[in-house]
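A.B. asks: What follows is a predicted protein model with its sequence.
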Amino acid sequence: MPTTLYYIHDPMCSWCWGFRPTLGHLLAELPAHIEVVRLLGGLAPDTDQPMPQEMRLWLEQTWCKIAERIPGTKFNHDFWTRCTPRRSTYPACRAVIAARRQDARFDEAMTLAIQRSYYLEARNPSDRDTLVELAEEIGADAASFTDALGTSETQAELEAEIEKVRTLGSWRFPSLVLELSGSRWRVPVDYLNAGAMLETIALLTQDK
């Protein structure tokens, strides 16, 4: 039975953005026999309603908190005046699925494009037009991407990933879950130190 490390995330999760550099170090040092599976958790369902002011203020404060806790993490707060925020991340999640259908490498590329557009460029990845622009920017075929973005199959795939996340018992993003020998273990996320997570994984996999 293979050993699998599940990375559970949402492309519009600000803590996932902060975790990105350390995640890169973790994956680069991960033993080759461990398969990495990225799962979209679906942070917030579809809505056309503007984000309530209380939620906007809370998220702005969260960005500030992340920047303080994780040195080097950047946010462009112009987003809150240039865009009409919506508490809706499902479109971005479906965009990752639609992109990776063309090429598995587009999974990570689309995720990063969404994060950069949202957190650095003050663009709104809850908007379909933004997502199509990002697909073109990463080299995906825009017509095929646009067709896939709105299909029931893409929505069903997202729902299946969300259900998988639930079966793993992970309710926070980002999360890491190691599956081996029929058992699942939570790997505590360390935003600053990949070594701590690698040590946990080594302990869990020894003699397995």
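C.D. replies: It's in.

A.B. asks: Leu178 reaches Val187, doesn't it?
C.D. replies: Yes - assessed by C-beta atoms under 8 Å, Leu178 is found in contact with Val187 at 5.5 Å. From N, CA and C alone the C-beta is placed, and that goes for glycine too.

A.B. asks: got any residues that touch both of those two?
C.D. replies: Counting by C-beta atoms under 8 Å, 6 or more residues apart in numbering, the contacts common to Leu178 and Val187 are 5, 201, 204.

A.B. asks: Next one: the second one from Ile70, what distance?
C.D. replies: Same thing as Ile201. Separation of Ile201 from Ile70 (C-beta to C-beta, to the nearest Å) stands at 21 Å.

A.B. asks: higher neighbour count, the two?
C.D. replies: Ile201 (22 against 17; other C-beta atoms under 10 Å).

A.B. asks: For the strand or helix carrying the more buried one, buried residues please.
C.D. replies: Assigned by DSSP states H and E, Ile201 belongs to helix 194-205. By 16 or more other C-beta atoms under 10 Å, the buried positions in helix 194-205 come out as 194, 197-198, 200-201, 204-205.

A.B. asks: Okay, strands next: where are they in the protein?
C.D. replies: Remark: strands assigned in the chain by DSSP state E are 3-9, 34-40, 175-180, 183-187.

A.B. asks: Helices of this structure, residue ranges please.
C.D. replies: 14-29, 53-69, 79-82, 90-102, 106-119, 128-137, 142-149, 152-167, 194-205 (DSSP state H).

A.B. asks: In CSV: these, plus distance to Gly41 and mean pLDDT.
C.D. replies: Below are the helices of the chain laid out as CSV (distance: least, C-beta to C-beta, whole Å; pLDDT from 0 to 100):
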stretch, distance to Gly41, mean pLDDT
helix 14-29, 9, 98
helix 53-69, 17, 97
helix 79-82, 22, 97
helix 90-102, 8, 98
helix 106-119, 12, 98
helix 128-137, 18, 98
helix 142-149, 19, 97
helix 152-167, 5, 97
helix 194-205, 19, 96
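
A.B. asks: Would you mind giving those helices as CSV with distance to Ala44 added?
C.D. replies: Formatted as CSV, the helices of the chain follow (distance: least, C-beta to C-beta, whole Å):
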stretch, distance to Ala44
helix 14-29, 12
helix 53-69, 10
helix 79-82, 16
helix 90-102, 7
helix 106-119, 13
helix 128-137, 15
helix 142-149, 17
helix 152-167, 12
helix 194-205, 27
